[in-house]
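Novice: quick one, what's the 3D model for this:
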Amino acid sequence: MQTDGAGDISGIHGPAWERTVLLRVPPNDVDEVHESIDDLWHLNADLGDGERIRFETAMVELAGNVIDHAEGDERLLCELTLRRTSTSLEAVLSDSSAEVHVPFRAVMPDPEEMAESGRGIAMIELLMDDFSYERDSHGNKWRLVMRLPAALQRDHHVADSRGGDEPGPAPA
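Specialist: Numbers count the residues shown, from 1 in each chain. The predicted structure follows:
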């Protein structure tokens, strides 16, 4: 897995952070997405199982779909940015694959409509507070946003240098 050059993740402290990883498929796969999300959990220990399961399920489903639906033997380049803001968890996945036509829907399709596929987009929509797709000159851009409960929200967006997950006054 390659990072954006930020180096050792141990330098990331506090409850808010951002990390970007670059993936080349092959050889990378959804395992690198799991590793990046594990870093998010490790450095944001206050997030509960409910938040973790919702966000990771949606992110891994999206990454798996992007990788699985790449055309033929195409080498896929992806950039994944995971971010915790003061009020939400966000993910932006950009990929170099061909344009897709996303079947957005707010409910799960009927079982007979989805024998082997068709559940992923609907499941992501149900798990996330915001899910969007756009195509630009560089490729596809997918964005997931999950708002955090009030008890997990913070009054800042950027991690400070105190080195812990406890909120408190900014260093002088």
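Novice: any regions of this protein where pLDDT drops low?
Specialist: Along the chain, the parts satisfying pLDDT under 70 run over 1-16, 71-74, 103-118, 156-172.
Novice: how about the strands in the chain?
Specialist: Remark: strands assigned in the chain by DSSP state E are 2-3, 17-25, 76-84, 88-95, 130-136, 139-147.
Novice: separation between Asp130 and Leu89?
Specialist: 11 Å (CB to CB, to the nearest Å). For glycine as for every other residue, the C-beta is placed from the backbone atoms N, C-alpha and C.
Novice: mutual contacts of the two, please.
Specialist: Taking CB atoms under 8 Å, 6 or more residues apart in numbering as the contact rule, Asp130 and Leu89 both touch Val145.
Novice: now Ser97: closest residue in space that isn't a chain neighbour?
Specialist: With CB to CB, 6 or more residues apart in numbering as the criterion, Ser97 has its nearest non-adjacent residue at 4.9 Å, and that residue is Ala70.
Novice: I figured the one you found hits Leu23, correct?
Specialist: No: applying CB atoms under 8 Å, one finds Ala70 not in contact with Leu23, separated by 11.5 Å.
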